[in-house]
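Engineer: okay, sequence plus prediction incoming.
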Amino acid sequence: MKHKIIFLIAVAGFLLYSVSASAQSLNPTELDRALEYAGQNDKKVLIDVYAEWCPYCERMHNEVYTESGVIEAVNEHYYLVKINIESEELVNYLGNEMSEREFSAMLNSSSLPTTFFMNPDGDLLGMQPGLLPADVFEDLLYFVGTNAFESNTFEEYRNRN
């Protein structure tokens, strides 16, 4: 009987872990809503610029954005917006309607993937081109999200944490 109880507790623990892990996900939103929500909730906007054909973008989406630490950092400090450089889907940026393609060109996105960091007013705080390892990307998300960039270099920040 004791072994059955231990087994049931183990199964229940696994199920709770599975449910909490699957509940943790990223939910991209539209640019205008992200800016609005960021202003209301003291967060920033994280813009993921990608292309469907880009193998590094695919790896970023499948290997980096799926890591629990990255998901936690994004959900804690940002509203995520995904911008496809070839899409004609419309976005609204500060009252100006344009396609995702036009918006990515306005950002001067010249390599893929590129991550842009924006404050709630729509001002660019910075950008990071390329595929990054999940641990480095997570640190970068916290570095910008906590405003550590205002008083430290990224290297100083990583060496302290």
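Structural biologist: Yep, that arrived.
Engineer: Y93: how many residues sit nearby?
Structural biologist: By other CB atoms under 10 Å, 16 other residues sit near Y93. From N, CA and C alone the C-beta is placed, and that goes for glycine too.
Engineer: adjust the sequence numbering to begin at 20 for everything that follows.
Structural biologist: Sounds good: first residue 20 from here, last item Y112.
Engineer: ok, then the element right after the lowest-mean-pLDDT helix or strand in the chain?
Structural biologist: Ranking every helix and strand in the chain by mean pLDDT, DSSP states H and E puts helix 21-42 at the bottom, with a mean of 45. Per DSSP states H and E, the first helix or strand lying C-terminal to helix 21-42 is helix 50-60.
Engineer: following that following helix, which helix or strand comes up?
Structural biologist: Later in the chain than helix 50-60, the nearest helix or strand by DSSP H and E is strand 63-69.
Engineer: neighbouring strands for that next one, and are they parallel or not?
Structural biologist: Sheet pairing for strand 63-69, assigned by DSSP bridges, gives strand 97-103 (parallel), strand 133-137 (antiparallel).
Engineer: which other residues reach the very next helix or strand once past that strand?
Structural biologist: Past strand 63-69, further along toward the C-terminus, the next helix or strand under DSSP H and E is helix 74-78. Residues from elsewhere that reach helix 74-78, judged by CB atoms under 8 Å, 6 or more residues apart in numbering: 69-70, 131-132, 149-150.
Engineer: buried stuff in helix 74-78?
Structural biologist: Buried residues in helix 74-78, defined by neighbour count with 16 or more other CB atoms under 10 Å: C76.
Engineer: quick one: contacts of the next helix or strand after that helix?
Structural biologist: Next in sequence after helix 74-78, counting helices and strands by DSSP H and E, comes helix 87-96. Contact partners of helix 87-96, identified using CB under 8 Å, 6+ apart, comprise 40, 43-45, 62-63, 65, 83-84, 99, 153-154, 156-157, 160-161, 163-165.
Engineer: let's go with 10 Å and repeat that
Structural biologist: Contacts with helix 87-96, where a contact means CB atoms under 10 Å, 6 or more residues apart in numbering, come from 39-40, 43-47, 57, 61-63, 65, 67, 79, 82-84, 86, 99, 136, 151, 153-154, 156-166.
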